[in-house]
Structure formats: C-alpha cells, structure tokens
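In: I'll drop the sequence and a predicted model, then ask my questions.
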Amino acid sequence: MGRHSLPDDGADDGTRSGPRTHRRTVAIAIALVLSAAAATAIAVRGDLLSFSGSCSDSAIRLKVVASPDVAPAVRAVAGHTRDNEVTSDGRCLDVDVVARDAYKVADAVSAGRADPDYQVWIPDSDLWVRRALGTGDGSAVTPVGNIASSPVALAMVPPAAKSLGWPRKTYTWAELSAATTEKETLRLGAADPARSATGLLALTSIGQSAHKADPDSDTKVAATAKLLSQRISDSDRQVLRTLARDDSGTRKGNPRRNQAVLLSEQAAFAHNTAGGAPAVELFYPKDGAPQLDYPYALVDEPELSTDESRAAMRFMTLLGEPQSRKILTERGFRTPDKPVSEGVVRVAGGRAPQPYASAPAEPLSEESVQETLGMWTITVQSARLTTVVDASGSMAAPVPGRAGQSRMDVTKASLLQALSQFTPEDEIGLWDFATNLDGPRDYRRKVATTRLGDPASGGGTHRDKLSAAFSALSPVPGGATGLYDTTLAAYKDARAGYASGKFNAVVLLTDGSNQDRYSISRSELIAGLKQLTDPKRPVPVIAIAVGPDADREEAEAIASVTGGGGYQVSDPADIHAVILKAIMEAGQSV
C-alpha cells in the first residue's frame with residue numbers, strides 16, 4: 001500500500017495565536033480527516049481493509065491454493081465472504097486465494113519439499129490428489145468434496161468443425177482422434193498430459209475408446225500420441241494460444257497453428273467470452289466425456305488447528321451456496337447436483353445434438369491413467385531399453401488362477417502387451433539369464449537393442465524379431481538365478497550404448513534373489529553400479545520382482561543406486577502396467 005503524506009507546513013514556533021492560528025489548526029484537522037477518509041476508501045476498494053473493527057482483530061485466516069482456471073471464481077466467493085463478514089464459530093473468515101498449477105502443487109506435496117503454507121487445495125482434478133498421495137512421503141491430503149465440474153471435449157475453429165459435420169455428426173473419442181490425426185489438413189494440439197489433467201484425461205479416453213473398437217489398437221494409439229507430442233503446450237492456457245487466429249479454412253494459415261485442441265468446456269467458455277479469435281465450437285464424445293471435478297482438499301489436516309479445520313469446512317459449505325454457484329456458473333463451470341446450463345454450453349461452443357448433457361463417463365481407473373502416462377513418457381522422449389528376463393527354473397512354476405500357465409508364460413504375454421505401447425523410434429533389446437545358460441556366463445544377449453522400426457535380417461522389422469524372441473523365452477531346467485553378474489553386465493552394455501536424447505534404462509525381471517555362489521557379491525554389484533552411474537548420462541535400472549516370493553527389497557537396493565526403482569508384482573500379468581509406470585516415474589526424476 002502506498003504511503004500517504006501531508007505537505008510540510010513547517011514547525012509551529014508557538015508565537016502565533018488568535019483566529020489565524022485557530023483557522024490553520026482547523027484546516028490541518030480537516031485535511032487529516034479527509035486524508036484518512038480517502039485512504040480508507042482506497043483500502044476498502046482494494047480489499048486492504050476487509051472487516052469492521054469487530055472482525056479484523058479476531059478473523060480466522062485461511063489460505064487456499066487453487067488451479068488457475070477456478071481461482072478467480074473462488075476468489076470472488078472469498079471476497080463476498082469478507083464483504084458480508086461471514087463467520088465460522090463466531091469469528092469472521094479471511095480467505096486468501098492463490099492461483100497455482102495443480103501439477104506443481106502435486107509434485108511438491110508428494111516430494112515433501114517444504115511445509116505447505118496453505119490449508120486448502122483445489123486442483124482441477126482428483127488425478128493430482130492421487131499423484132500427491134502416490135508415494136506417501138509428503139504431506140497428508142484429505143479430499144472432502146467437490147465444488148464444480150467441467151467435461152473434457154474437443155474444441156475446433158469453425159471451418160474445421162463444420163468440415164467434420166458439427167454440430168449434427170457425433171463421434172467417439174477414437175473416431176475424433178482418427179478424424180483429427182489422419183487428415184493432414186486438421187492439426188490437433190493439446191496441453192502436456194504430464195502437466196494437464198485435461199490432456200491426460202482426453203488421451204486416456206482416446207486409448208480406452210480405441211481399445212473397445214479394436215483390442216489390438218495399442219500401437220495405433222501410441223502413434224497418435226507420438227503425433228500429438230509434436231504439438232503439445234505446457235498448459236491449458238497456452239494451448240489456446242496455438243489456435244488459428246482467423247476463420248480461414250483448414251487448408252490455409254500458419255501450419256504451426258492448430259485447428260483443434262483438447263479442451264475443457266470451461267476453458268472454451270472463457271476463451272469465447274474473452275473474445276478469443278476465432279470462437280471455438282465443441283465436439284462432445286458420444287462414448288462419454290471425462291470430467292474435471294475440482295476436489296476440495298485439506299492439506300496436512302492433522303496439523304490444522306480446530307479453528308482452521310472448521311473454517312476450511314465452513315468455506316467449502318459457502319462454495320456450495322446459491323450465490324457461490326451463481327459465481328461459478330457465470331464463469332463457465334458446472335455445479336454439483338444442478339442441471340446443465342444451456343447458456344454455459346452455448347457460449348462454450350456446444351450445440352444439440354452434440355451429447356453435452358449426457359451422463360459423465362465413468363471415472364478412469366488408476367491403472368489406465370498410469371499406463372497412459374507411461375506410454376506418453378516414452379512416446380514424447382522415445383526410449384532405449386535393455387530388457388533382462390529371468391530364465392531360471394523357478395519361472396516354470398504355475399501361476400495360481402491362470403489355468404496351468406507358468407510364470408514365464410504370463411511374463412511373455414505381459415511383455416508382448418507392453419511392447420505394443422512402443423513406437424518405431426524406440427530401441428529395445430532382450431537378454432535372458434540363468435546359471436547353466438551359456439557356459440560360464442549367467443546371461444546372453446538374445447536380441448540387440450535397436451530401433452523397433454528398423455528392418456531385421458531375414459525380413460520383417462526389429463519389432464517382429466523381438467516379438468518372436470519374447471515368445472520363445474523358456475525356463476532353463478535346473479537353472480538358478482544368476483542375478484548379480486547379469487545385472488552388472490547388462491548395465492555396462494546399456495551405458496556403452498547410451499543414446500542421447502532418449503530415455504535409457506535397464507528393465508530387469510526376476511522371480512528370486514541371486515543364487516549363483518560363484519558370482520560377485522551384492523556389495524560388489526552395488527559398488528560397480530555406483531562407479532558406472534553418470535548423472536549426465538542417466539541409465540536407471542527398473543527392477544521388477546515377479547511373484548509373491550520374490551525379493552522386492554533386493555530389487556529396490558539394486559535399482560536405487562542407479563536412480564531407478566524396485567517393484568513387485570504378484571501376478572506376472574501386471575508386468576506391462578508396472579513397466580510403463582516405472583518408466584514414467586524414472587523419466588520424471590532423470
């Protein structure tokens with residue numbers, strides 16, 4: 001707040017008296033009163049003095065961090081709360097609302113990098129709450145309700161929309177994706193799914209929709225993601241800036257600009273309301289639109305005082321009152337348990353018969369979201385993976401509930417499923433290991449690590465050759481687990497073949513601990529890995545302990561030295577999902 005000062009009238013020497021002195025004193029008094037009144041008026045207009053004297057001294061102060069899209073509406077409710085001196089347990093509420101990207105908050109909370117300076121968090125999606133809770137190492141986050149929602153749709157500039165039959169023609173997510181990626185004249189953009197709930201929900205929905213239409217569509221979805229990755233923006237706000245700036249046809253204009261973007265209804269509403277040129281029109285997928293659901297979460301609830309906790313719950317109640325819902329609706333949000341606002345839909349670019357009022361899609365499973373994130377990570381950056389598979393005799397053990405299938409049978413099927421998620425630019429190789437496998441060595445390189453799209457000797461591609469090698473894996477009768485020698489050798493090989501600009505890793509699958517008494521020791525292995533690790537050329541080990549009897553602690557001990565992670569799967573069928581999750585997590589840390 002700026003300083004207010006009075007003119008320098010000089011010192012009074014005490015010799016002046018009579019009417020002139022009295023008039024001057026009155027004039028100064030009036031000036032002081034007017035100055036104070038003006039300052040007060042400025043402070044009130046600027047919300048610097050929010051309460052009357054009875055409230056200001058005893059107000060309960062609450063800090064709310066909200067996603068940038070919803071923060072203005074929440075701030076307006078907070079202002080209304082202050083203006084009307086709303087109380088919690090007899091004390092006025094003083095709510096400060098700060099806009100902050102949800103992915104940044106989620107990463108900070110999960111990492112426990114600092115004690116949060118806020119009591120309430122309102123991200124745009126429950127996805128971020130789940131990410132914040134993922135490791136269990138950071139602050140406690142307790143969701144207690146939802147304040148608004150907004151469906152995720154596909155926004156297009158009018159010529160592009162009309163070329164696809166908007167508004168009368170409806171599409172599934174898979175059909176929308178195909179329509180906007182298979183035509184060179186339609187350019188699709190999105191916010192980075194690693195940073196945007198809108199982008200992640202849409203991409204996951206595209207994958208599920210495509211899988212329903214064609215169970216073997218994983219490679220096609222990965223190719224779509226690869227194409228999309230070339231036109232991503234850092235945030236939902238930025239992706240709107242990539243739209244074509246005029247109503248030119250789809251074959252005209254700047255080729256770096258998009259005719260279509262994955263967007264929430266509220267973001268489209270805000271764009272059109274602000275006079276964004278041109279206004280966008282929305283396709284709502286007929287197989288269900290996922291929702292941004294704006295959870296209201298308490299942060300570090302056990303550390304909140306009783307007053308803070310009750311004030312936080314009081315403010316959530318206020319956000320559900322009619323005046324607050326009106327504020328949210330005026331800014332393009334849908335509110336819980338209320339009919340869809342036709343006015344919001346129309347301004348956002350929706351028209352019948354687009355299914356904008358259909359029931360929301362079922363919430364996406366944690367597994368499907370993690371798979372999409374893993375696929376996105378390797379799609380954006382491309383990967384170079386050395387896959388090392390345990391071929392010891394114990395891999396012949398049957399898997400309960402799998403109709404006589406062995407651990408190796410289920411492992412091979414899961415590896416083939418994971419392989420379908422990779423693009424032709426990715427490099428993948430295969431080793432297997434067991435004692436008595438290759439003379440004195442516990443390991444052998446079955447397929448070199450090279451691009452999946454490269455031609456293979458004898459015909460076909462490297463992907464075809466690798467698929468055949470996965471299918472041919474079999475346990476070695478009487479073979480034991482030669483884990484330590486193999487891990488060090490595979491790591492040396494991966495380091496020697498490091499590919500700059502790609503995500504390099506060793507993926508190690510084993511169902512047991514080291515059983516080769518002639519191998520190096522665990523301490524020698526860890527010392528060797530430490531010596532080879534180079535932060536400038538990271539090659540994390542992703543160690544997966546397969547089966548209920550596998551040693552996860554050993555997997556973690558080996559992997560952590562390299563910046564990777566250790567995991568355990570009771571059912572080998574889960575390997576593909578864990579590989580993608582592990583790649584995502586390791587890719588974020590390197």
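Out: Yes, it's here.
In: burial count for Pro336?
Out: 14 (other Cβ atoms under 10 Å). C-beta: built from backbone N, CA, C; applies to glycine.
In: Equivalent analysis for Tyr498, please.
Out: 13.
In: Work out the gap between stretch 543-552 and the centre of the chain.
Out: 28 Å (Cα atoms, centre = their mean, to the nearest Å).
In: Over to stretch 102-115?
Out: The answer for stretch 102-115 is 13 Å, by Cα atoms, centre = their mean.
In: Repeat that for stretch 540-560.
Out: Taking Cα atoms, centre = their mean, the mean C-alpha location of stretch 540-560 is offset from the chain mean by 26 Å.
In: where along the stretch 451-590 of the chain do the helices fall?
Out: In the stretch 451-590 of the chain, the helices defined using DSSP state H, counting those that start in this stretch lie at 462-472, 483-496, 522-532, 552-560, 575-589.
In: buried stuff in the last one?
Out: Think helix 575-589. With burial defined by 16 or more other Cβ atoms under 10 Å, the residues of helix 575-589 counted as buried are 575-587.
In: In terms of model confidence, name the weakest of those residues.
Out: Confidence by pLDDT is poorest for Gly587 among those, given 61.
In: low-confidence ranges in the stretch 51-200 of the chain?
Out: 51-54, 56, 113-114, 135-139, 183-184 (pLDDT under 70).
In: Quick one: the helices in it, in order.
Out: Using DSSP H, counting those that start in this stretch, helices in the stretch 51-200 of the chain cover 53-56, 71-83, 102-111, 126-132, 158-163, 173-181, 197-213.
In: Show me the beta-bridge partners of the spatially closest residue to Cys55 that is not a sequence neighbour.
Out: In this structure, Cys55 finds its nearest non-sequential neighbour in Cys92, 3.7 Å apart by Cβ to Cβ, 6 or more residues apart in numbering. Using DSSP bridges, the beta-bridge partners of Cys92 come out as Thr87.
In: you'd agree Cys92 is up against Glu85?
Out: Yes. Under the criterion of Cβ atoms under 8 Å, Cys92 makes contact with Glu85 at 5.2 Å.
In: and the two? which has more neighbours close in?
Out: Neighbour count, other Cβ under 10 Å: between Cys92 and Glu85, Cys92 has more, with 23 against 15.
In: any idea how far the more buried one is from Ala161?
Out: According to Cβ to Cβ, to the nearest Å, Cys92 and Ala161 sit 49 Å apart.
In: now Val86
Out: 44 Å.
In: Then Glu265?
Out: From Glu265 across to Ala161, the span is 15 Å (Cβ to Cβ).
In: now Leu508
Out: 49 Å.
In: okay, those two: which has more neighbours?
Out: Between Leu508 and Ala161, Leu508 has the larger neighbour count (other Cβ under 10 Å), namely 27 against 23.
In: residues in contact with the more buried one?
Out: Val388, Thr487, Ala490, Val541, Ile542, Ala543, Ile544, Ala555, Ile558, Ala559 (Cβ atoms under 8 Å, 6 or more residues apart in numbering).
In: these two touch, right, the second one and Val541?
Out: Yes. Using Cβ under 8 Å, Thr487 is in contact with Val541, at 7.1 Å.
In: who touches both of those two?
Out: Val506, Leu508, Leu529, Ile558.
In: What segments of the stretch 301-450 of the chain are strands?
Out: Under the criterion DSSP state E, counting those that start in this stretch, the stretch 301-450 of the chain contains strands at 383-390, 427-438, 441-451.
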